[in-house]
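> Sequence unavailable; structure follows:
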């Protein structure tokens, strides 16, 4: 059986910045209220008609391909993790066209904020089986399309963006362990559901307190399972990259896991919750800043609607 290695990353965000003060002009809130409860200071929002999931995903993908030192023609597969496709029939094929990756098979997967971790594990199986050699995994979401801008409980949280990694088959497996979970009993806690009366999808609804309780309990559990499968101790982890949902969740997981605060990656102050994009967006930012180095052990965990959650442990390069 072949192995997996991650050899390049990229990311992309829209130009428009929406600050907490900007939101205070739309709903009854303030910068202090949002920052205290979420850690978010601003987010990026798509406001151009020609920009969407496909364009952000393709831009992030190009950067990841360049960082990996390959070409789009070398790609065998493109996996796009998104819950907000430009087209409900799928957006990955459009990304394939934009990249000029004619050889690549392309498909979408939807697992909300867990999408990147689920996509990572899915793509790894094709590489381990020897089916494909080069895979582009992208997490991209444009949640601003589905936010109720009069609901201060949700509109303050979300932003738009994309992140990508190139995964390649390898004799040495750098994906060390993973654990994936789902629980449909919690489906109603976080929704972007179809409204039969309106004959369209309704804006995002969320039970914030219950989602918080779920995350701070479930995430440490799957991280511990994945670490066990990776045969690593918590102290051996160089970086923890969680889905960037809320700083309180990041802090609670860090404390429960006993991980040093300096090892926790956080950029949600600048981007908010970008769903499937949040983990690869943070990964790419830390890689390009020279913080994450080849050989570093990285623990990731995504969690969100479904309910779905999962963790993966890998070494960079």
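That came in fine, so what should we check first? Because the structure is a prediction, the values reported are computed rather than measured. Residues are numbered from 1 along each chain as shown.
> C-alpha only now, for contacts and for neighbours.
Will do.
> just the strands in the stretch 1-150 of the chain please.
Remark: strands assigned in the stretch 1-150 of the chain by DSSP state E, counting those that start in this stretch are 3-12, 16-19, 42-45, 77-81, 105-109, 134-142.
> I'd like those written out as JSON lines, with distance to residue 233, mean neighbour count and mean pLDDT added.
Shown next, in JSON lines, are the strands of the stretch 1-150 of the chain (distance: least, Cα to Cα, whole Å; neighbours: other Cα atoms under 10 Å; pLDDT from 0 to 100):
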{"stretch": "strand 3-12", "distance to residue 233": "21", "mean neighbour count": "25", "mean pLDDT": "97"}
{"stretch": "strand 16-19", "distance to residue 233": "39", "mean neighbour count": "16", "mean pLDDT": "98"}
{"stretch": "strand 42-45", "distance to residue 233": "34", "mean neighbour count": "23", "mean pLDDT": "98"}
{"stretch": "strand 77-81", "distance to residue 233": "29", "mean neighbour count": "28", "mean pLDDT": "98"}
{"stretch": "strand 105-109", "distance to residue 233": "31", "mean neighbour count": "19", "mean pLDDT": "98"}
{"stretch": "strand 134-142", "distance to residue 233": "27", "mean neighbour count": "32", "mean pLDDT": "98"}
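> can you redo those strands as JSON lines with distance to residue 190?
Output for those, formatted as JSON lines (distance: least, Cα to Cα, whole Å):
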{"stretch": "strand 3-12", "distance to residue 190": "26"}
{"stretch": "strand 16-19", "distance to residue 190": "23"}
{"stretch": "strand 42-45", "distance to residue 190": "20"}
{"stretch": "strand 77-81", "distance to residue 190": "18"}
{"stretch": "strand 105-109", "distance to residue 190": "18"}
{"stretch": "strand 134-142", "distance to residue 190": "16"}
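> And the ones you listed: which comes nearest residue 91?
strand 105-109 (6.7 Å; Cα to Cα).
> which stretch among the strands of the stretch 1-150 of the chain comes nearest residue 63?
Comparing the strands of the stretch 1-150 of the chain by Cα to Cα, strand 3-12 comes nearest, at 4.6 Å.
> Report the angle between that closest one and strand 134-142.
Orientation of strand 3-12 against strand 134-142 (axes from the mean of the first three to the mean of the last three Cα atoms, to 10 degrees) gives an angle of 40 degrees.
> contacts for strand 3-12?
56-57, 59-69, 124, 127-128, 161-175, 280-281, 283-285, 287, 315-317 (Cα atoms under 8 Å, 6 or more residues apart in numbering).
> Just checking the distance from it to the centre of its chain.
Distance of strand 3-12 from the chain centroid (Cα atoms, centre = their mean, to the nearest Å) equals 13 Å.
> follow-up on the earlier one: for residue 93, which of the strands of the stretch 1-150 of the chain is the nearest?
strand 105-109 (5.3 Å).
> Check the gap between residue 261 and residue 219 for me.
Between residue 261 and residue 219 the computed distance is 16 Å (Cα to Cα, to the nearest Å).
> Helices of the stretch 201-317 of the chain, residue ranges please.
Assigned by DSSP state H, counting those that start in this stretch, the helices in the stretch 201-317 of the chain fall at 208-230, 247-257, 268-271, 278-288.
> returning to what we had before: what about residue 261 and residue 219, which has more around it?
Higher neighbour count among residue 261 and residue 219: residue 219, with 24 against 13, using other Cα atoms under 10 Å.
> Test my guess that that one contacts residue 301.
Yes. The pair residue 219 / residue 301 is scored as a contact, 6.8 Å apart, by Cα atoms under 8 Å.
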